[in-house]
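In: okay, here's the prediction I keep looking at, along with the sequence it came from:
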Amino acid sequence: MFIECIPSGLVQSNVYMVSGNGEAVIIDCGCNPDTILNLAGNNMLTVKHVILTHGHFDHIYYTDALREKADVQVHIHEADANCLVDPYLNGMALFPVKGTKTFHPADHLLKDGDILECGGLSYHIIHTPGHSKGSICIHVGNALFTGDTLFHTSIGRTDLPGGSMEDIEKSIREKLYSLQDETAVYPGHGVKTSIGYEKKHNPYYRIKK
């Protein structure tokens with residue numbers, strides 16, 4: 001499995017390229033599509049899918065631009081589907097960001113427990129509400145892409161539309177912390193961590209033994 005982080009997205013958001021057998025999945029789309037496609041070309045990869053961890057503008061902004069240059073299918077959780085067409089929900093109306101405020105609807109709406117198969121890899125969808133109603137994490141192999149749910153020693157903010165501190169705590173404690181400690185965590189902002197490290201060191205939700 002090939003994983004590459006493009007840490008040059010809007011508001012320092014991370015974009016990830018994950019691939020197997022020559023086919024790539026893009027997780028979040030906050031950077032220029034030429035950057036994505038150049039990376040894919042340099043590694044002899046074909047981009048097939050875009051999975052959005054949630055519907056905030058810094059993670060979805062270049063989705064339509066990528067669609068114009070590549071034949072990709074865009075996926076988002078059903079509870080965040082309206083973020084693509086509502087500038088209040090995606091945050092464009094709340095922050096001084098120039099450019100388009102709405103985006104084309106997703107090609108496919110996700111639910112908890114869905115599995116997307118691509119390039120011989122299985123992308124397991126975990127619904128983790130809290131940062132937004134439709135926030136998801138994506139578990140593939142030993143990697144977990146957490147969007148804005150879980151960061152290195154931090155968590156996603158819950159003061160935006162659809163956010164809930166109670167929900168994000170439940171998502172982290174009951175769903176993410178049930179995974180193996182060795183699971184590598186690739187967050188939507190910041191540096192890589194692991195489930196085991198966050199259990200011990202995250203100041204919001206430590207697991208005491």
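Out: Thanks, I have it.

In: tell me the mean pLDDT for the helix ranked longest in the chain?
Out: With secondary structure taken from DSSP state H, the chain has its longest helix at helix 33-42. Averaged across helix 33-42, pLDDT comes to 96.

In: closest to the centroid, which residue in this protein?
Out: Closest to where the C-alpha atoms of the chain average out (C-alpha atoms, centre = their mean) is residue 53, at 3.0 Å.

In: and the pLDDT at that one?
Out: pLDDT, read off for residue 53, is 98.

In: and for the one 10 residues further on?
Out: Model confidence at residue 63, expressed as pLDDT, equals 97.

In: and if you look at residue 209?
Out: Reading off the model, residue 209 has pLDDT 55.

In: strands of the protein, residue ranges please.
Out: Using DSSP state E, the strands of the chain run over residues 2-6, 15-20, 23-27, 46-51, 73-77, 108-110, 115-118, 121-127, 136-140, 143-147, 150-151, 154-155, 184-187, 193-194.

In: mean neighbour count and distance to residue 163 added to the ones you listed, as a markdown table?
Out: C-betas here are computed from N, CA, C, even on glycine. Shown next, in a markdown table, are the strands of the chain (neighbours: other C-beta atoms under 10 Å; distance: least, C-beta to C-beta, whole Å):
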| stretch | mean neighbour count | distance to residue 163 |
| --- | --- | --- |
| strand 2-6 | 16 | 25 |
| strand 15-20 | 22 | 22 |
| strand 23-27 | 25 | 21 |
| strand 46-51 | 22 | 21 |
| strand 73-77 | 22 | 15 |
| strand 108-110 | 17 | 19 |
| strand 115-118 | 14 | 26 |
| strand 121-127 | 18 | 15 |
| strand 136-140 | 24 | 15 |
| strand 143-147 | 25 | 13 |
| strand 150-151 | 24 | 14 |
| strand 154-155 | 19 | 11 |
| strand 184-187 | 22 | 17 |
| strand 193-194 | 20 | 22 |
